[in-house]
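*Asks:* Prediction below, plus the sequence it came from.
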Amino acid sequence: MADKYLELVNSGYTKKVAKLLGLPRPPRLRRYEPGSALLPGPLLVLGASARAQQLSDELTSWGIDVRRHDAQGDKLGGILLLLDELTHPEQLGEVMLTAGGALRQLLPGGRLVSVSRPALAHDEPAVAAVRQGIDGAMRSLGREMRGGATANGVLLAEDTTVTSPSALGALRFFFSGRSAYVDGQFLTVRNDEGSLPADPERPLVGKVAVVTGAARGIGAAIARVLYRDGAQVVLVDMPAAGEALAAVANEVHGTTLQLDVTAADAGQRIIDHAVNRYGHLDLVVHNAGITRDKLLANMDQARWDSVIAVNIASQLRMNEAFLAADLPGLRVVSLASTSGIAGNRGQSNYAASKGGVIGMVRASAERFAESGGSIAAVAPGFIETEMTAKIPLGTRTVARLVLPSLMQGGLPQDVAEAIAFLGSDAAAGLNGQTLRVCGQSLVGA
Ligand code: NAI
């Protein structure tokens, strides 16, 4: 499943050959390792914001070397653009062009992150224009970055300030190696009851998390990352996957629950298992999913129905059980897919289910918030798993090398990192959103 091409063009003799031939060379991404620095070098902060000083103090307390306005020629680990006070497109040029000059100093794996506000229908046209313009500019910059550097943005909804827990949580995620395969994306944060973890290295300490479809692939990676971040993990999968499930559970010192998520009582069985074993349930990750690809003209009812049943109907039913139970602060994170955003040939059933997840998450946010909880989704693009290893080589190469800005497929760990972030208390203000983890694939926006 490893991307052999990436290894070849980045090591030894074959690296030289690839250079000589002018072959595309996907960069090695800066992925999170426990204890690693948040950024590979100093952070240059450009632009203005009401709480810029407070923000700088906070970032400094995270161990970041913060430079205001001038990097004095040093190499940079990141550039932060404070753009939330702009009211006209004519004001954007100065800070953007300054950032452009500094981009040459950005280290491999660096980060460009903007802070702005969402463009809304009731905004003054010029205000909405600059806000929407930032969206376009940042997505373009994502496509201009080199060496595995990325460009993402935080949108402050309504009167949310840049120092609210969820804004800080989103900034920390975008800076860190946890967001290695997230590129050209925006997260909208709202004022919230969220809180930053006492230990940012282990944000899920004391939490009990359930992961469905945890026997292999992305689900197993999610279980590993949640465990690494401090959670106690319950691993759910089909009885047929029992052996593989037990092996992952051993690794993460978790417990197993053999269960078909389409069962009518699946939600209640998950609650009973978690509460009986651990006394509470704090996070559910709806990861179990299947594909049954066919052009619609050749699709039979069994293919269509099974995909809808596993990928979305089961989640709707389980969520009803979770909402009906007394589970204060429960967070739910669901697996969508870029196919559900952009569509994909041969996947009308799968895209219906994954688009369904995005709709469900948006429409369930208020209900989960009533008991102090939240719900969000992650939409992965091309991820290197057993499922995608079966795709013919030509299609696979296009999907991993040509389509994403980062010129490679993502790893299961990349999806898991985003889920761990969205399942943490720092992400309470991101309720109802879907985050793409797709290396800024051309598939979709
Ligand atoms: P996978 O096929 O490797 O693993 C899925 C797991 O779910 C398996 O262990 C399977 O036994 C389990 N499962 C299936 N039906 C179940 C049921 N009814 N009850 C309980 N468990 C069940 O898949 P992969 O690649 O790890 O994908 C995980 C999730 O990520 C899925 O929801 C998939 O749609 C989504 N995704 C994957 C992408 C990729 O590129 N691999 C891209 C976008 C989304």
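*Replies:* Received, thanks.
*Asks:* From here on, just use CA atoms for contacts and neighbour counts.
*Replies:* Will do.
*Asks:* is stretch 306-318 anywhere near the ligand?
*Replies:* Yes. Under the criterion of C-alpha under 6 Å from any ligand atom, stretch 306-318 makes contact with the ligand via Val310.
*Asks:* Name the nearest residue to the residue of the stretch 51-200 of the chain found nearest the ligand, sequence neighbours excluded.
*Replies:* Using C-alpha to the nearest ligand atom, the single residue of the stretch 51-200 of the chain nearest to the ligand is Tyr181, 12.6 Å away. Excluding the flanking residues, the one nearest Tyr181 by C-alpha to C-alpha, 6 or more residues apart in numbering is Gly439, at 4.8 Å.
*Asks:* okay, now the one you found: neighbour count?
*Replies:* Gly439 has 31 neighbours, counted by other C-alpha atoms under 10 Å.
*Asks:* From what I see, it and Pro404 are in contact.
*Replies:* Yes. Between Gly439 and Pro404 there is a contact at 5.2 Å, judged by C-alpha atoms under 8 Å.
*Asks:* ok so, going back, tell me who's in contact with the residue nearest to Tyr181.
*Replies:* For Gly439, the contacting residues are Tyr181, Val182, Asp183, Gly184, Gly381, Pro404, Ser405, Leu406, Met407, Gln408, Gly409, Gly410, by C-alpha atoms under 8 Å, 6 or more residues apart in numbering.
*Asks:* By neighbours, which of the residues you listed wins?
*Replies:* Counting neighbours by other C-alpha under 10 Å, Tyr181 comes out on top of those with 33 neighbours.
*Asks:* quick one: contacts for that one?
*Replies:* Leu29, Leu406, Gly410, Asp414, Val437, Cys438, Gly439.
*Asks:* Phi first, then psi, for the fifth one.
*Replies:* So the one you mean is Val437. Dihedral pair for Val437: phi -120, psi 80, per degrees, to the nearest 10.
*Asks:* so how far is the first residue of stretch 29-49 from its last?
*Replies:* Length of stretch 29-49, first residue to last, C-alpha to C-alpha, to the nearest Å: 31 Å.
*Asks:* If we go by neighbour counts, what in that stretch is buried?
*Replies:* Using 16 or more other C-alpha atoms under 10 Å as the test for burial, stretch 29-49 gives 29-32, 38-49.
*Asks:* By pLDDT, give me the weakest of the contacts of Tyr181.
*Replies:* pLDDT is lowest at Leu406 among the contacts of Tyr181; the value there is 92.
*Asks:* for that residue, what are its contacts?
*Replies:* Residues near Leu406 by C-alpha under 8 Å, 6+ apart: Pro26, Pro27, Gly148, Tyr181, Gly439, Gln440.
*Asks:* hang on, isn't Lys354 packed against Ser334?
*Replies:* No. Judged on C-alpha under 8 Å, Lys354 makes no contact with Ser334 at a distance of 9.6 Å.
*Asks:* Tabulate the contacts of Tyr181 (CSV), appending secondary structure and distance to Val284.
*Replies:* Listed next are those as CSV, based on DSSP: H, G, I helix; E, B strand; the rest coil; distance: C-alpha to C-alpha, whole Å:
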residue, secondary structure, distance to Val284
Leu29, coil, 28
Leu406, coil, 30
Gly410, strand, 23
Asp414, helix, 18
Val437, strand, 19
Cys438, coil, 22
Gly439, coil, 25
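*Asks:* Spell out, range by range, the helices that occur in the stretch 151-300 of the chain.
*Replies:* For the stretch 151-300 of the chain, helices defined by DSSP state H, counting those that start in this stretch occupy the ranges 165-175, 217-228, 242-251, 266-278.
*Asks:* Dump the ones you listed to CSV, plus mean neighbour count, distance to the ligand and mean pLDDT.
*Replies:* Listed next are the helices of the stretch 151-300 of the chain as CSV, based on neighbours: other C-alpha atoms under 10 Å; distance: least, C-alpha to the nearest ligand atom, whole Å; pLDDT from 0 to 100:
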stretch, mean neighbour count, distance to the ligand, mean pLDDT
helix 165-175, 25, 20, 96
helix 217-228, 24, 4, 98
helix 242-251, 17, 8, 98
helix 266-278, 17, 9, 98
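*Asks:* and the helix or strand containing Lys16, how far out from the chain's middle?
*Replies:* Using DSSP states H and E, the element containing Lys16 is helix 12-21. Here helix 12-21 shows a centroid-to-chain-centroid distance of 33 Å under the convention C-alpha atoms, centre = their mean, to the nearest Å.
*Asks:* repeat for stretch 6-24
*Replies:* On the basis of C-alpha atoms, centre = their mean, stretch 6-24 sits 30 Å off its chain's mean C-alpha point.
*Asks:* neighbouring contacts of that stretch?
*Replies:* Counting by C-alpha under 8 Å, 6+ apart, Arg25, Pro26, Pro27, Arg28, Gln408 sit against stretch 6-24.
*Asks:* can you check stretch 124-142 too?
*Replies:* Contacts of stretch 124-142 (C-alpha under 8 Å, 6+ apart): 86-89, 92, 114, 116-121, 150-153, 183-186, 405, 440.
*Asks:* Mean confidence (pLDDT) on that stretch, please.
*Replies:* Rounded mean pLDDT across stretch 124-142 is 97.
*Asks:* cool, stretch 9-23 as well?
*Replies:* 77.
*Asks:* Now that stretch: buried residues?
*Replies:* For stretch 9-23, the neighbour count (16+ other C-alpha under 10 Å) marks Val9, Asn10, Lys15, Ala18 as buried.
*Asks:* ok so, going back, with distance to Arg224 added, can I get the contacts of Tyr181 in CSV?
*Replies:* Below are the contacts of Tyr181 laid out as CSV (distance: C-alpha to C-alpha, whole Å):
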residue, distance to Arg224
Leu29, 20
Leu406, 25
Gly410, 17
Asp414, 12
Val437, 18
Cys438, 20
Gly439, 22
